[in-house]
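**Student:** got a predicted structure here, sequence first:
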Protein chains: 2
Amino acid sequence: MKIIHALKSVLLFAMLSVMASQFALAKTSDPLPSWNDGPTKTAILQFMDKVTDEHSDQYVPLDERVATFDNDGTLWSEKPMYFQILFAFDRVKALAPSHPEWKTTKPFSLVLNNELDKLTGEDALKIVAATHTGMTSDEFDKQVKEWIATAKHPLTGKPYTDMVFQPMLELLNYFRSNGFKTYIVSGGGNAFMRAWVTPVYNIPPEQVIGTRLSAEMREVDGKMQMWRLPEVSVNNDKEVKPVEIYQAIGRRPVAAFGNSDGDLAMLQWTMSGDGARLAMYVHHTDDKREWKYDRFSSVGKLDKGLDEAQSKGWLIADMKNDWKQIYPSDK
Amino acid sequence: MKIIHALKSVLLFAMLSVMASQFALAKTSDPLPSWNDGPTKTAILQFMDKVTDEHSDQYVPLDERVATFDNDGTLWSEKPMYFQILFAFDRVKALAPSHPEWKTTKPFSLVLNNELDKLTGEDALKIVAATHTGMTSDEFDKQVKEWIATAKHPLTGKPYTDMVFQPMLELLNYFRSNGFKTYIVSGGGNAFMRAWVTPVYNIPPEQVIGTRLSAEMREVDGKMQMWRLPEVSVNNDKEVKPVEIYQAIGRRPVAAFGNSDGDLAMLQWTMSGDGARLAMYVHHTDDKREWKYDRFSSVGKLDKGLDEAQSKGWLIADMKNDWKQIYPSDK
């Protein structure tokens, strides 16, 4: 045993030396290669230097390093509508053969006839209920996984998981490599997101805070299963986002990222903490490589939030100018 | 750089060798020294061997290793009543000087005059509301931390954190050292527990799933704060426990530990999963070193659960016979 202990000490020292070299390397190589040089990128790098420097008065201890990221419009695209709604439409089409009555029953007939512009908000809820509930948690998880592996976006023809933002993937990695625990905090359904985010964002299911549909334990074929129910128990948007972060992880984030007024409360709560904080809006300004919208958009409306970010000096990532590349498959 | 890479490979191999030696060591030393040898301990060790053996058909991949632990009566004592209620009583006494009307106002007067047997369930809720809400999250956190650092249990005179179960601390460590993520899933308040569990159980705040009191974001002195509200939004007991596990972490536990009928649904859901599963009840059988109670207790009632555990062969840790030591300070 003594030999092992001695060997351990030597190895520990050597490993620390290597880690120190890698750290020095990390400092000199670019952790955000898809970001153009400019004030946004510089501010992110400077923030990280401060909070990870033990000699800085803005140092943040490891166990306080929490960063929260909205999903739709922040980590992946959200046009022409939230991708989860497109999943629901695809499910209506897939289920239609076993629901012949849907051909003539609204709102399903509207989806089957591609009259999507006639759908109301209430219709959307009915469609979500019919496609997201009335099944076990395992069945739903399987359906989402099959869809995400095969479905294509109606306008770009890309798989949905190719429509995540390369600069944000780099940002997630950069935060994690500096000891941050990265969370998704989204209006999207928690079970919908958990079915695919882990391989795409490297975020485990338990670090996803989303909208909750109710569920109950039920005996199915002699086994206890989680049964999904047609009722929204937590609508994780606007002022609910900081509350759900508090209820789920018990701490105020040190950094928060969003793209809409639905994220404003999360960013406000984050920035009200002591010490160094970072808030950033992704601003959709690129109608060539992605979409261009803010104040008057049908989804991801950024109006009050844009004013507050500008007046308070929060970061605004201008997709057109700050991002060298949008999607991972772009050159 | 080449030298560093070569050095890294050598070190990685050497580290793996040391880790393998340590693993062999772990296999031969006793990870549960406070547990008497016997069928319960043997079953726990055998379960762990199976789920961590890559060649076993019951192998559980690392990212599925989730274990959930009730707190009151499972990780620490709960007599004469839940310690969180004793915290609330202590807070009533501490706040009494600034509430002179409490001397003559029920239910506060009952607490101040030590007429606790006259308190109803509704009274308890009023006392929790008066002591747990109407303040910011930071203020509440500070109050709990101060209390847990100084308060003494009314019967044993011990600090409350000395009344955690040494065998369960070993079990938590044993599960973690085998790659399990350990969660508390308790009827206790999530914010109350998060104020002290990390140094005591080595469980971070985000791995605590508890009862939720409502909260809202409020501007206080120009900053956004989380304000605690007098309303229970999730009562994390019985059938709610598995639902909250699903909503919070999105997966079924592989192992679950409880001590009462309030944990039965969590254990049932855990055991309904495929492959190797472990469910264990802590059975309070030791009236000398702790307390002895089950079917007819005022707290921690274990009645239906005891029958189901016995009929299905779940583990039952008999405190008197299975545990060499109860509290960390015991000899």
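**Tutor:** Good, I have the coordinates. Owing to the predicted nature of the structure, the values given are computational and were not obtained by experimental measurement. Residues are numbered from 1 along each chain as shown, chains lettered A, B, ... in the order given.
**Student:** next, count neighbours for the residue lying closest to residue A:152 once chain neighbours are set aside.
**Tutor:** The shortest distance from residue A:152 to any non-neighbouring residue, by CB to CB, 6 or more residues apart in numbering or on different chains, is to residue A:159 (6.2 Å). (Glycine included, C-beta is placed from N, CA and C.) Counted with other CB atoms under 10 Å in any protein chain shown, residues neighbouring residue A:159 total 14.
**Student:** got the phi/psi numbers for residue A:159?
**Tutor:** When read as degrees, to the nearest 10, the backbone of residue A:159 gives phi -60, psi 150.
**Student:** name every strand pairing with the one helix or strand residue A:219 maps to and say which way it goes.
**Tutor:** Applying DSSP states H and E as the criterion places residue A:219 in strand A:208-220. Its sheet considered, strand A:208-220 pairs with strand A:181-189 (parallel), strand A:223-234 (antiparallel) by DSSP bridges.
**Student:** would you agree the residue nearest to residue A:152 is in contact with residue A:196?
**Tutor:** No. The criterion here is CB atoms under 8 Å, and residue A:159 misses it with residue A:196 at 10.6 Å.
**Student:** overlap of the contact sets of those two?
**Tutor:** Shared contacts of residue A:159 and residue A:196 (CB atoms under 8 Å, 6 or more residues apart in numbering or on different chains): residue A:148.
**Student:** how far off centre is stretch A:197-211?
**Tutor:** Mean-position distance between stretch A:197-211 and its chain equals 8 Å (CA atoms, centre = their mean, to the nearest Å).
**Student:** what are the buried residues along that stretch?
**Tutor:** For stretch A:197-211, the neighbour count (16 or more other CB atoms under 10 Å in any protein chain shown) marks A:197, A:200-201, A:203-211 as buried.
**Student:** likewise stretch A:230-239?
**Tutor:** A:234, A:236-238.
**Student:** output stretch A:85-102 in PDB, but only the C-alpha positions, please.
**Tutor:** C-alpha atoms of stretch A:85-102 as PDB (Å, rounded to 0.1, in the frame of the first residue of the first chain):
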ATOM      1  CA  ILE A  85     -45.300  22.600 -31.900                       C
ATOM      2  CA  LEU A  86     -44.000  21.200 -35.200                       C
ATOM      3  CA  PHE A  87     -43.400  17.900 -33.300                       C
ATOM      4  CA  ALA A  88     -47.100  18.000 -32.200                       C
ATOM      5  CA  PHE A  89     -48.200  18.600 -35.800                       C
ATOM      6  CA  ASP A  90     -46.100  15.700 -37.000                       C
ATOM      7  CA  ARG A  91     -47.600  13.500 -34.300                       C
ATOM      8  CA  VAL A  92     -51.100  14.500 -35.300                       C
ATOM      9  CA  LYS A  93     -50.300  13.300 -38.900                       C
ATOM     10  CA  ALA A  94     -48.700  10.100 -37.600                       C
ATOM     11  CA  LEU A  95     -51.800   9.300 -35.400                       C
ATOM     12  CA  ALA A  96     -54.400  10.300 -38.000                       C
ATOM     13  CA  PRO A  97     -54.900   6.800 -39.500                       C
ATOM     14  CA  SER A  98     -56.100   5.600 -36.100                       C
ATOM     15  CA  HIS A  99     -58.300   8.700 -35.600                       C
ATOM     16  CA  PRO A 100     -60.400   8.800 -38.800                       C
ATOM     17  CA  GLU A 101     -62.700  11.300 -37.100                       C
ATOM     18  CA  TRP A 102     -59.800  13.900 -37.100                       C
END
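**Student:** quick one: mean pLDDT over it.
**Tutor:** The pLDDT scores in stretch A:85-102 average 97.
**Student:** next, the distance between the ends of stretch A:129-139.
**Tutor:** By CA to CA, to the nearest Å, the extent of stretch A:129-139 from end to end equals 15 Å.
**Student:** if you average pLDDT over it, what comes out?
**Tutor:** 97.
**Student:** is that stretch anywhere near chain B?
**Tutor:** Yes. Interface with chain B: stretch A:129-139 contributes residue A:137 (CB under 8 Å from any CB of the partner chain).
**Student:** what separates that stretch from the chain centre, distance-wise?
**Tutor:** How far stretch A:129-139 lies from its chain's middle: 22 Å, per CA atoms, centre = their mean.
**Student:** got the contact list for that stretch?
**Tutor:** Stretch A:129-139 is contacted from outside by A:87-88, A:91-92, A:95, A:108, A:140, A:143, A:189, A:191-192, A:213, A:215, A:220, A:225-230, B:246, using CB under 8 Å, 6+ apart.
**Student:** quick one, which of these are buried?
**Tutor:** Counted by 16+ other CB under 10 Å, the contacts of stretch A:129-139 give A:87-88, A:91-92, A:108, A:140, A:143, A:189, A:191-192, A:213, A:215, A:225-229, B:246 as buried.
**Student:** if we can go back for a sec, which one of the buried residues of stretch A:197-211 is nearest residue B:323?
**Tutor:** Set against residue B:323, the nearest of the buried residues of stretch A:197-211 by CB to CB is residue A:206 (30.7 Å).
**Student:** the closest one against residue B:245, yeah?
**Tutor:** No. Using CB under 8 Å as the test, residue A:206 is too far from residue B:245 to be in contact (9.9 Å).
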